[in-house]
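Novice: whatever this is, show me its structure:
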Amino acid sequence: MKSKRIIRRTLADRKKDKTDWARLRAMTEEEIDRNAESDPDNPPWTEEELKAARLVQPSAGKQALSIRLDSEVIDFFKDQGPGYQSRINAVLLGYVRSQDWDTKKRTARRTG
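Specialist: Below you'll find the predicted structure:
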């Protein structure tokens, strides 16, 4: 068996932060807005997008479940990094809430 090289680090070993905090603190609101508008990876939201946006928060109660998903779906979420299961849950929860499922379920219980 090969011996593995174990590297131990402490908080003192952290790399120095490369952010120029003084420059950022000195920026005006106009500079911040201008930089945000010129960012091709994160363009500002339109008024329509802001009106349609909904906050999706995970619920406190989760259940373990075995589910079969297409590998394309799994690969998409895994490629975005750690927390892919929580992101899949958030997407599904957003869909459920967009369907007003809770309202329909409660109405069906009252009339059924």
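
Novice: switch to C-alpha atoms for all contacts and neighbour counts from now on
Specialist: Noted.

Novice: give me the spatial nearest neighbour of the residue nearest to the spatial centre of the chain, chain neighbours excluded.
Specialist: In the chain, the centroid-proximal residue (Cα atoms, centre = their mean) is R87; its distance is 6.3 Å. Among residues not flanking R87 along the chain, F77 sits closest, at 7.2 Å (Cα to Cα, 6 or more residues apart in numbering).

Novice: ok now do the one you found, which residues does it touch?
Specialist: Y84, Q85, R87, I88 (Cα atoms under 8 Å, 6 or more residues apart in numbering).

Novice: and if we set it to 10 Å?
Specialist: G83, Y84, Q85, S86, R87, I88 (Cα atoms under 10 Å, 6 or more residues apart in numbering).

Novice: what's the answer for V56, then?
Specialist: Per Cα under 10 Å, 6+ apart, neighbours of V56: N89, A90, V91, L93, G94, Y95, R97.

Novice: mind checking pLDDT for it?
Specialist: As predicted, V56 sits at a pLDDT of 71.

Novice: what is the neighbour count of R97?
Specialist: For R97, the tally of surrounding residues (other Cα atoms under 10 Å) stands at 14.

Novice: from E47, how far off is it?
Specialist: Applying Cα to Cα, to the nearest Å, the value for R97 to E47 is 22 Å.

Novice: number of nearby residues for A90?
Specialist: A90, neighbours per other Cα under 10 Å, totals 17.

Novice: tell me the SS of E48?
Specialist: At E48 the chain is in helix, as set by DSSP: H, G, I helix; E, B strand; the rest coil.

Novice: ok, Y95 to I88 distance?
Specialist: Y95 is 11 Å from I88, by Cα to Cα.

Novice: packing partners for the longest helix along the chain?
Specialist: Ranked by residue count, the top helix of the chain under DSSP state H comes out as helix 84-98. Identification of packing neighbours for helix 84-98 by 3 or more Cα pairs under 10 Å, 6 or more residues apart in numbering; DSSP states H and E yields helix 71-78, helix 101-111.
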